[in-house]
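**Q** A structural model of the following input is requested.
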Amino acid sequence: MLALRLSRQLWHATAGGRNWRKPIQLCTCFSTDDGPQPPIDEMALSPNVETALNYILELNMLEIAELSRAVQKQFDLPEPTLGMGGGSNTGGNTEGAATQAKEEVKTAFDVKLVSFDAKMKIKVIKEVRSITGLGLKEAKELVEGAPNVIKKDVKKEEAEVLIAKLSELGAVLAMDKVSIYPSFSPITLPFISSVSTNQNLQQINCAFMDESPSIPAERVRCEKLQQHSLKKCQRVAYLAYAMDQMGCKMSNLRFDFRQCQSKSLGGFEIDENGQPSIVLCQNHIQTQEAMDRTLAHELIHAFDHCRAKVDWENPAHIACTEIRAAALSGDCDYKEEVLRQQFNVIGQHPICTRRRAKLSMSMHPSFHKKDSDAVDQVFETCYRDTAPYREIP
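**A** Sure thing, here's the model as predicted:
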């Protein structure tokens, strides 16, 4: 008997693409007791299925989250948990989607020189020069500055050969695993040098009406951090990959580097034509970790804008996407909470998520005190909605 494998990811995919006008192709996989069957890439939809899809496409921000929860309960899918994100398999009925994701994601390795025997320094430098193609001065600085990555994005077999060569010279090396998403490559997106004065501009997260002109040197520095996040941060790269898969191409998402007078690190904006853009406050984002979290946070808003009918003037909708952004961006990682002197042990993550979502709500330009209850009202529904991840990363 044919068994239709449904996953939450399928529901999110069918609900995506509406805002950026991308036609949807439904890919459904069937299996039988006799063994795996070839996937059906495209299939004719029955009237009932087509009607169901049309209903899904009309769902708003909260309804999408409720649908995710309902499907999870109906098909006995595992509860979202805290763990490594980026599409890791949690078992159960997500097996089909996880297998597909595994096929699409390639693994590479960075080889890092951790330390070396001072007596063998010259030989180590010589070998590093051979591996990297660097000049003598650059290779010497690379070795003396250990720990340093000496080779990036190589296959496991190649990494093991390099490690073996340097280990013979008394060096200690490490191999860091890196995930590469082939459907997404970092894009140098247009820099917006002017500040919009459109009074109808919707600004999500915080007000940017008091920004100063961009400083070129700071913009270049911030842009390098942004590009590194898109390529190397698994959390960010997977968000970009998921949006591309839904039809919301990253090339259509603008990035605006600004000198912000507010305390915010970034924001998400939609202009009167429905064009989304991410604001990055170059004078406040000083580290790679800050860029990773900020970009992940704003990309969650962009993802929500892509997959659902979000009313950006509805406090409940804004609260929902702020809850998801706080939960999924790394903003509530335990290390970040310790730095904020928040030492909750039991229930740390949901406590932080609720608090940070309320803080983001309070910085929204159209916020009113009466809207502060919106986070509490939708928290349980939206906190459980971990799309595009299968668990809280």
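**Q** from here on, contacts and neighbour counts on C-alpha atoms
**A** OK.
**Q** Kindly indicate whether Leu173 is helix, strand or coil.
**A** Assigned state for Leu173: strand (three-state reduction, DSSP: H, G, I helix; E, B strand; the rest coil).
**Q** which secondary structure element contains the closest residue to it other than its chain neighbours?
**A** Spatially, and ignoring its direct neighbours in sequence, Leu173 is nearest to Leu113 (4.6 Å; C-alpha to C-alpha, 6 or more residues apart in numbering). Element membership for Leu113 (DSSP states H and E) is strand 106-115.
**Q** the inter-axis angle of the following helix or strand past that strand versus strand 106-115?
**A** Using DSSP H and E, the next helix or strand after strand 106-115 towards the C-terminus is helix 121-132. Relative orientation of helix 121-132 versus strand 106-115 (axes from the mean of the first three to the mean of the last three C-alpha atoms, to 10 degrees): 160 degrees.
**Q** What are the contacting residues of the very next helix or strand once past helix 121-132?
**A** Moving toward the C-terminus from helix 121-132, the next helix or strand (DSSP H and E) is helix 136-144. Identification of contacts with helix 136-144 by C-alpha atoms under 8 Å, 6 or more residues apart in numbering yields Leu113, Val124, Ile125, Lys126, Val128, Arg129, Thr132, Asn148, Ile150.
**Q** now the stretch 251-393 of the chain, which segments are flagged as low pLDDT?
**A** 365-366, 369-370 (pLDDT under 70).
**Q** and what of the stretch 101-250 of the chain?
**A** Using pLDDT under 70, the stretch 101-250 of the chain drops low at 101-107, 177-214.
**Q** now with 90?
**A** 101-119, 130-139, 141-142, 144-219, 230-232, 234, 240-250 (pLDDT under 90).
**Q** residues in contact with the residue nearest to Leu173?
**A** Leu113 sits next to Val143, Ala146, Pro147, Asn148, Val149, Ile150, Ala171, Val172, Leu173, Ala174 when contact means C-alpha under 8 Å, 6+ apart.
**Q** And the buried ones among those residues, selectable in PyMOL?
**A** Selecting only the buried entries of these in PyMOL, with 16 or more other C-alpha atoms under 10 Å as the criterion:
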select buried, resi 143+147+148+149+150+171+172+173+174
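**Q** Could you export the contacts of Leu113 to CSV, including columns for distance to Cys248?
**A** Below are the contacts of Leu113 laid out as CSV (distance: C-alpha to C-alpha, whole Å):
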residue, distance to Cys248
Val143, 43
Ala146, 41
Pro147, 39
Asn148, 36
Val149, 34
Ile150, 35
Ala171, 46
Val172, 44
Leu173, 40
Ala174, 37
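**Q** quick one: buried residues of stretch 252-265?
**A** Under 16+ other C-alpha under 10 Å, the buried positions of stretch 252-265 are Leu253, Arg254, Phe255, Asp256, Phe257, Arg258, Gln259, Cys260, Ser262, Ser264, Leu265.
**Q** do the same with stretch 320-330
**A** Of the residues in stretch 320-330, those buried (16+ other C-alpha under 10 Å) are Cys320, Thr321, Glu322, Ile323, Arg324, Ala325, Ala326, Ala327, Leu328, Ser329, Gly330.
**Q** C-alpha coordinates for it, CSV please?
**A** Coordinates of the C-alpha atoms in stretch 320-330 are reproduced here as CSV (Å, rounded to 0.1, in the frame of the first residue of the first chain):
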residue,chain,number,x,y,z
CYS,A,320,5.4,36.0,15.6
THR,A,321,8.2,36.8,13.3
GLU,A,322,10.2,38.4,16.1
ILE,A,323,9.7,35.3,18.2
ARG,A,324,11.0,33.1,15.4
ALA,A,325,13.9,35.4,14.7
ALA,A,326,15.0,35.5,18.4
ALA,A,327,14.7,31.7,18.6
LEU,A,328,16.4,30.7,15.4
SER,A,329,19.1,33.3,14.9
GLY,A,330,21.5,32.4,17.7
